[in-house]
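>>> got a predicted structure here, sequence first:
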Amino acid sequence: MEEYHTGKRYTVQEYFDLEEVSDIRHEYYRGEIFAMAGTTLNHNDIVENVKRRVKDHFAPKGCRVLSESIKLEVIKAAYYPYPDLMLTCHPEDVQAEYVIARPSLIVEVLSKSTEDVDRGFKWQHYQTLPSLRHYLLISQREVRAELFSRNSDFWKYEVFEDPDQLIRLDHLDFTLSLSEVYAHIVFQEEEV
């Protein structure tokens, strides 16, 4: 993560105030704010493919599927990232206006600039969310998805690389095919 304003520390309220007027999004961690990088068309299309499928299944059940512009409260007054996609069915989140705190699914689409953070720093902190059941990492450079699923005392890890494979989110009683994730995606030479 690249720091936005070096030397200055922000309160959570200052951060929220800045976000209301800023043209770009920033993530917040313990007083520091970090400008979010732009995305590729493939990144955007993958997020939309997954969002459409998840929303079609969960919205009729009263859940919310949120992408890229809603903050997640990972640590109250300390850590607020913008995941690429979140699913929440918790009543307090469903009624929330700007920030959710109880997602059951988080999806991050990996890019060269964010992959290490998504796999390391974010994953380390996301695991502390009691509501989180599944964490899905999706490559935008190749057909590959990685799923972490919470069990009673450990996280199960699975890799999917065949377009015919089904990603089973057992805790949510939901299945997503890898071909749906990558529908209409054309990999660019420079992305490989």
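Perfect, thanks for sending it.

>>> every contact and neighbour count from this point should use C-alpha atoms.
Fine.

>>> got any ranges where this protein has weak pLDDT?
1-7, 189-192 (pLDDT under 70).

>>> what's the closest non-adjacent residue to the residue nearest the centre of the chain?
Using C-alpha atoms, centre = their mean, the residue of the chain that lies closest to the mean C-alpha position is residue 83, 3.0 Å off. Counting by C-alpha to C-alpha, 6 or more residues apart in numbering, residue 83 lies nearest to residue 68, which is 5.8 Å off, once chain neighbours are set aside.

>>> what's the burial count for that neighbour?
15 (other C-alpha atoms under 10 Å).

>>> list the contacts for it?
Neighbour list for residue 68: 82, 83, 84, 85 [criterion: C-alpha atoms under 8 Å, 6 or more residues apart in numbering].

>>> roughly how far does it sit from residue 42?
14 Å (C-alpha to C-alpha, to the nearest Å).

>>> across the sheet, point out what pairs with residue 160.
On the basis of DSSP bridges, residue 160 is bridged to residue 145.

>>> do you know how far it is from residue 58?
Relative to residue 58, and taking C-alpha to C-alpha, residue 160 is found at 23 Å.

>>> and if you look at residue 174?
Taken as C-alpha to C-alpha, the span from residue 174 to residue 58 is 9 Å.

>>> how many residues are close by residue 37?
14.

>>> same question for residue 58.
Neighbourhood size, residue 58 [other C-alpha under 10 Å]: 17.

>>> let me see the contact set for residue 123.
Applying C-alpha under 8 Å, 6+ apart to residue 123 gives the contacts residue 117.

>>> for the helix or strand it falls within, list every residue counted as buried.
Element membership for residue 123 (DSSP states H and E) is helix 123-126. By 16 or more other C-alpha atoms under 10 Å, the buried positions in helix 123-126 come out as 123, 126.

>>> could you export it as CSV, CA atoms only?
Taking Å, rounded to 0.1, in the frame of the first residue of the first chain, the C-alpha atoms of helix 123-126 are listed here in CSV:
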residue,chain,number,x,y,z
TRP,A,123,-5.7,-11.9,4.7
GLN,A,124,-4.0,-11.8,8.1
HIS,A,125,-6.5,-9.2,9.2
TYR,A,126,-9.6,-10.5,7.4
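
>>> following it, which helix or strand shows up next?
strand 134-139.
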